[in-house]
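**Student:** model the following, please.
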Amino acid sequence: MIVDDEPWARRRIAALLKSEPDVEVAGECRGGVEAIEKIPELSPDLVFLDVQMPECDGFDVLEAIGPERMPPVIFATAYDKYAVRAFDAQALDYLLKPFDEERFQQAMGRARKELKLGKGASEALRAVLEAVRGQSKFLKRLAVKSGGRVVFLRAADIDWIEAAGNYVTLHVGRDRHMLRATMNSLEPKLDSEEFVRIHRSTIVNLDRVKEMHPWFHGEQVVILKDGTQLPVGRVYRNRLHEYAGGGQV
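**Tutor:** You can find the predicted model right below:
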């Protein structure tokens, strides 16, 4: 799959791939949002991914899909020297625009070897994300499908998260967004200084918490600044008090 917002760049890569008898172009994407939808849908073996794209860049694509779900990637970049250093450090291949046919062939040869060996690049991709995004291993943005489009949400804008089977519901003000993920898979990706699990089916943004009150039968309830009331599970109560600076109860 070829992902690039510039038509000439997509044409250039597609033309070079025509001389590769064992390669079929599964599709082309004109930007990151389209790539987030098509990469999981078409499951290509290799992705040419542009780094600099408006609205949603190559790193947004990696974050949204997840390094563990991304196929091998050959990055394309025009000028981001910091990103190039990150690629070099993790031995990930990239094409520095404008690239010639010889450099393209080198990248393809390397990709073939990795595909033949079945080498996964998830750890390397994750390390690149951490290097470029400021050493943070936590999600800063989430991409969710809504009404046939992809919406980017800042993690800090989420009020609370509710389990819904194999999905979670992200509560953002009056809006609700469904994300295909489980609570157990999402929790470690969120900054524990900002988000805390208060129930097996609830994660809350600590900045949105106003009060915590006793509830029926010795239970407790968290009240958010917008008035939302969320029960606190017994096994999570001490953790919440520790985050709030109140010690164990």
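**Student:** okay, the residue most central in space within the chain: pLDDT?
**Tutor:** Residue closest to the average C-alpha location in the chain (CA atoms, centre = their mean): E63, at 2.2 Å. Here the pLDDT value assigned to E63 is 83.
**Student:** wouldn't it be in contact with L129 here?
**Tutor:** Yes: counting by CB atoms under 8 Å, L129 is a contact partner of E63 at 6.4 Å. The C-beta positions use only the backbone N, C-alpha and C, and glycine is treated the same way.
**Student:** tell me where this structure has helices.
**Tutor:** Here the chain has its helices, by DSSP state H, at 7-17, 32-42, 58-65, 81-89, 101-117, 122-132, 183-186, 234-243.
**Student:** and of the ones you listed, who's closest to S146?
**Tutor:** helix 32-42 (11.8 Å; CB to CB).
**Student:** tell me the helices and strands packed up against the closest one.
**Tutor:** strand 2-3, strand 47-50, helix 58-65, strand 141-146, strand 149-154 (3 or more CB pairs under 8 Å, 6 or more residues apart in numbering; DSSP states H and E).
**Student:** one more time with 10 Å
**Tutor:** strand 2-3, strand 28-29, strand 47-50, helix 58-65, strand 141-146, strand 149-154 (3 or more CB pairs under 10 Å, 6 or more residues apart in numbering; DSSP states H and E).
**Student:** what comes up buried for that helix?
**Tutor:** 32-39 (16 or more other CB atoms under 10 Å).
**Student:** and the gap between the nearest residue to M53 once chain neighbours are set aside and H213?
**Tutor:** Closest residue to M53 in three dimensions, ignoring its sequence neighbours and counting by CB to CB, 6 or more residues apart in numbering: D5, at 4.4 Å. Going from D5 to H213 by CB to CB, to the nearest Å gives 51 Å.
**Student:** compare those two (neighbour count), which wins?
**Tutor:** Shown here are D5 and H213; by other CB atoms under 10 Å, D5 has more neighbours (18 against 11).
**Student:** so that one sits right up against E55, yeah?
**Tutor:** Yes: between D5 and E55 there is a contact under CB atoms under 10 Å: 8.8 Å.
**Student:** name the residues contacting each of these two.
**Tutor:** 31-32 (CB atoms under 10 Å, 6 or more residues apart in numbering).
**Student:** picking up where we left off before, save the helices and strands packed on helix 32-42 as CSV, and put in distance to I203 too.
**Tutor:** As requested, the helices and strands packed on helix 32-42 are arranged in CSV below (distance: least, CB to CB, whole Å):
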stretch, distance to I203
strand 2-3, 32
strand 28-29, 32
strand 47-50, 31
helix 58-65, 19
strand 141-146, 13
strand 149-154, 14
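**Student:** good, we can wrap up now.
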